[in-house]
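[1] Kindly return the folded structure for what I paste below:
(2 chains)
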Amino acid sequence: MALKTPEQYEESLRKLNLKVYLMGELVKDVVDHPIIRPSMNSVKMTYALAQDPQHEDLMTATSHLTGQKINRFCHIHQNTDDLIKKVKMQRLMGQKTGACFQRCVGMDAINAVDSVTFEMDKKLGTGYRDRFIKFLLMMQEEDLTVDGAMTDPKGDRSLSPGRQADPDLYTRVVEKRKDGIVVRGAKAHQTGAVNSHWILVMPTITMTEEDSDYALSFVAPADAEGIFYIYGRQSCDTRKLEGSEIDVGNPQFGGHEALMVFDNLFVPWENVFMCGEYEFTGPLIERFAGYHRQSYGGCKVGVGDVLIGAAALAADYNGVSRASHVRDKLIEMIHLNETLYACGIACSSQGHQTASGNYLIDLLLANVCKQNVTRLPYEIARLAEDIAGGLLVTMASEKDLRHPEIGKVVEKYLKGVASVPTEHRCRVLRLIENITLGTAAVGYRTESMHGAGSPQAQRIMISRQGNLEHKKALVKDLVGIKD
Amino acid sequence: MGLIGIKYCGGCNPQINRSGLVRDIEKLLPPGCGLVTDHTKNRWEMAILVCGCPIACADRPAIRSMAQHWIRVGGATVDRESVPESSMADVIVGRIQALKLEFRSR
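    Numbers count the residues shown, from 1 in each chain, chains lettered A, B, ... in the order given. Down below sits the predicted model:
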């Protein structure tokens, strides 16, 4: 198959038997649930654009394993051009959905696991690489969406995994059998979890020998017995239950996160890629985080493009697009957004080959990229709210706009420029609300802060990679200090 | 004139309306001449590389090998020369006709 159609993707999800709880209830129909459906539409778009001649050059790649055309989300980066195209694809996806399209975590996970299993096998004589390649072949052939699952709940952050009051606060092996392992614990904030076919679990922090039961990586079908999900709430999420198109802001697309729980999940050995090799947890985390921090230089830029466009339209509809301060604010938004893109492209173009043959981004620049992402979208959002005006948060509902009596009043008093229908103004303002305060703010704001690691995690990496001794040596050389 | 290949870049930040340009080109082509995006069968004799910006990231050897002759669009440029977007379709169709004449004279 190699490339699924969007319809085949949706159909494949319907065949899964996912156990998803949402607002205290077990969801009967995950695909069509009105709160979940927009997030599925976003992932579905990764399949639709791969079929489109206008976008296939970014959305597809050639498998290094089979030579077949595959979705880029299933690809192992073979050169820096692949790394650059990944960022461009993510920008495109952000533009087309105005939301988190969720499929990046799997792509980043397979690229991290590819090089680390290779190096693990070489040093320790383990046999993980062959198992991983077997999984990768299936993923590429069946065009699977895979959830790369890293973040554990972590409990008391001052304590190591094994010293937690509840040992399940980090995902761990509780039993090793002849035929596989039994896993208990959870993964928090799992993006796209209930739109995925498989999950690829990785450790959440660098482990020491005493925590080797937590040094764990494996794959499992998303609907395996022993996995269930508790769907995360988003600001304004129940607007999706109201049947309104305008008030949800983005009527088609969205993102989601869920708590993924492993309740004595059995994983056969053939699906295990790390089990106790604690010294390789650091490289696996560093590489996954690096790839994922690169990702944010693409996806958030695409959503930023949408927000800038919406702010510009709001200015047009308010009749202020010619005001110099408004134009300057739009320029500032573009400047900030392109700064993020520049970081994504830079860390990609400076990538290098690993021992397994795949390409890794420049880790310093990827961390600088994500550190900027923890800040600049907030300023872009602030400027969008500034341009949009207070109506953004005081506007009447779509039901009022459509009301047989007061609708005319809403139409009359929410009018901006005479030539623009009031409804158009409402639609654009609701989209800005969606991205800055509503369901998509999860992806655009707080995920920009904490996704792929909170700001301090990047600062630790920047400190490690910053080559400060070289900078000191430069000064000594310049001013004539001889040690 | 036969079929002319169309190969798009991925379209991450296009400065021109790529699909609009292709539609305009199609309208200006003489009868018997058409555009096609399917490149799985034969190597095209002639193709148009439609890239949304001057970087033209799809202009690379693997793509070039898909056709004998290319007309390269990169944002508002045709074969690296600046052309107003409103005139691009005319300029490209002119190049197609010139290339066809060149083929016949060989």
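[2] alpha carbons only for contacts and neighbour counts from here, please
    OK.
[3] Name the single longest helix found in chain B.
    Using DSSP state H, we find that the single longest helix of chain B is helix B:88-105.
[4] List the contacts of that one.
    With contact meaning CA atoms under 8 Å, 6 or more residues apart in numbering or on different chains, helix B:88-105 is reached by B:1, B:21-22, B:24-25, B:28-29, B:71, B:76-78.
[5] near chain A, which residues of chain B show up?
    B:7-13, B:19, B:37, B:58 (CA under 8 Å from any CA of the partner chain).
[6] Only whichever of those residues are buried, select them in PyMOL.
    To isolate the buried members of the residues of chain B next to chain A in PyMOL, using 16 or more other CA atoms under 10 Å in any protein chain shown:
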select buried, chain B and resi 7+8+9+10+11+12+13+37+58
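[7] So which of the residues of chain B next to chain A are in helices?
    Cross-referencing these against helices under DSSP H gives residue B:19.
[8] Would you format the residues of chain B next to chain A as a markdown table with pLDDT included?
    Below are the residues of chain B next to chain A laid out as a markdown table (pLDDT from 0 to 100):
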| residue | pLDDT |
| --- | --- |
| B:7 | 96 |
| B:8 | 97 |
| B:9 | 96 |
| B:10 | 96 |
| B:11 | 96 |
| B:12 | 94 |
| B:13 | 91 |
| B:19 | 96 |
| B:37 | 93 |
| B:58 | 95 |
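[9] Mind picking the two most distant members of the residues of chain B next to chain A?
    With distance counted by CA to CA, no two of the residues of chain B next to chain A lie farther apart than B:13 and B:37, which are 20.6 Å apart.
[10] backbone phi and psi for the residue nearest the centre of chain A, please?
    In chain A, the residue lying closest to the centroid (CA atoms, centre = their mean) is residue A:102, at 4.9 Å. For residue A:102, the backbone dihedrals (degrees, to the nearest 10) come out as phi 70, psi -20.
[11] Likewise for residue A:185?
    Here is the backbone geometry of residue A:185 (degrees, to the nearest 10): phi 140, psi -160.
[12] what pairs with it across the strands?
    On the basis of DSSP bridges, residue A:185 is bridged to residue A:262.
[13] Contacts only, for residue A:56.
    Here residue A:56 is in contact with A:49-50, B:9-10 (CA under 8 Å, 6+ apart).
[14] if we can go back for a sec, and the furthest pair within the contacts of helix B:88-105?
    Maximum distance among these (CA to CA): 25.6 Å, for B:1 and B:76.
[15] how near is the residue nearest to residue A:252 when sequence neighbours are not counted to residue A:10?
    Leaving aside its chain neighbours, residue A:252 sits nearest to residue A:38 (5.5 Å; criterion: CA to CA, 6 or more residues apart in numbering or on different chains). Taking CA to CA, to the nearest Å as the measure, residue A:38 falls 12 Å from residue A:10.
[16] okay, the two: which has more neighbours?
    residue A:38 (24 against 18; other CA atoms under 10 Å in any protein chain shown).
[17] so the more buried one, which of the three states?
    Secondary structure, DSSP: H, G, I helix; E, B strand; the rest coil: residue A:38 is helix.
[18] Straight-line length of stretch B:39-50, end to end?
    Taking CA to CA, stretch B:39-50 runs 15 Å from one end to the other.
[19] quick one: buried residues of it?
    Neighbour counts using 16+ other CA under 10 Å place B:44-50 of stretch B:39-50 among the buried residues.
[20] Touching stretch A:425-436 from outside, list them.
    In contact with stretch A:425-436 (CA under 8 Å, 6+ apart) are residues A:98-99, A:246-250, A:307, A:310-311, A:313-314, A:317, A:381, A:384-385, A:388, A:391-393, A:395, A:415-416, A:440-441, A:444-445.
[21] How much space separates the closest residue to chain A within chain B from residue B:55?
    Residue nearest to chain A within chain B: residue B:10 (4.1 Å; CA to the nearest CA). To residue B:55, residue B:10 is 12 Å away according to CA to CA.
[22] what's near enough to touch the residue nearest to residue A:252?
    Contacts of residue A:38 (CA under 8 Å, 6+ apart): A:251-255.
[23] Can you tell me which of those residues are buried?
    So, by 16+ other CA under 10 Å, the buried ones in the contacts of residue A:38 are A:252-255.
[24] From those residues, which land in helices?
    When these are checked against helices (DSSP H), there are no matches.
[25] Identify, from those residues, the entry nearest to chain B.
    Within those, proximity to chain B (CA to the nearest CA) peaks at residue A:253, which comes in at 18.5 Å.
[26] I figured the closest one hits residue A:97, correct?
    Yes. Residue A:253 is within contact range of residue A:97, at 5.7 Å (criterion: CA atoms under 8 Å).
[27] Mutual contacts of those two, please.
    residue A:42.
[28] one step back: more crowded one of residue B:1 and residue B:76?
    Taking other CA under 10 Å, residue B:1 and residue B:76 do not tie; residue B:76 has more neighbours (22 against 12).
[29] Please look at the more buried one and residue B:83 and confirm they touch.
    Yes. When contacts are counted by CA under 8 Å, residue B:76 is listed as touching residue B:83 (5.6 Å).
[30] which residue packs closest to the residue in the stretch 51-200 of chain A that chain B sits nearest to, ignoring adjacent ones?
    Chain B sits closest to residue A:55 of the stretch 51-200 of chain A, with a gap of 4.1 Å, by CA to the nearest CA. Residue nearest to residue A:55 in three dimensions, not counting chain neighbours: residue B:10, with 4.1 Å by CA to CA, 6+ apart.
[31] thinking again about what came up before, per-residue pLDDT, the closest residue to the residue nearest to the centre of chain A other than its chain neighbours?
    Spatially, and ignoring its direct neighbours in sequence, residue A:102 is nearest to residue A:192 (4.9 Å; CA to CA, 6+ apart). At residue A:192 the predicted local distance difference test score is 97.
[32] repeat for residue B:1
    Note on residue B:1: pLDDT of 56.
[33] Could you pull out the strands in the chain for me?
    In the absence of a named chain, chain A is used. Under the criterion DSSP state E, strands of chain A are mapped to A:20-22, A:25-26, A:60-62, A:69-71, A:146-149, A:172-176, A:180-191, A:198-201, A:216-221, A:227-231, A:257-268, A:272-275, A:352-353, A:359-360.
[34] that's the wrong chain, I wanted chain B
    Remark: strands assigned in chain B by DSSP E are B:2-8, B:33-36, B:44-51, B:67-74, B:77-78, B:81-82.
[35] deepest of those strands, which one?
    Comparing the strands of chain B by mean neighbour count (mean count of other CA atoms under 10 Å in any protein chain shown), strand B:44-51 comes out on top with a mean of 23.
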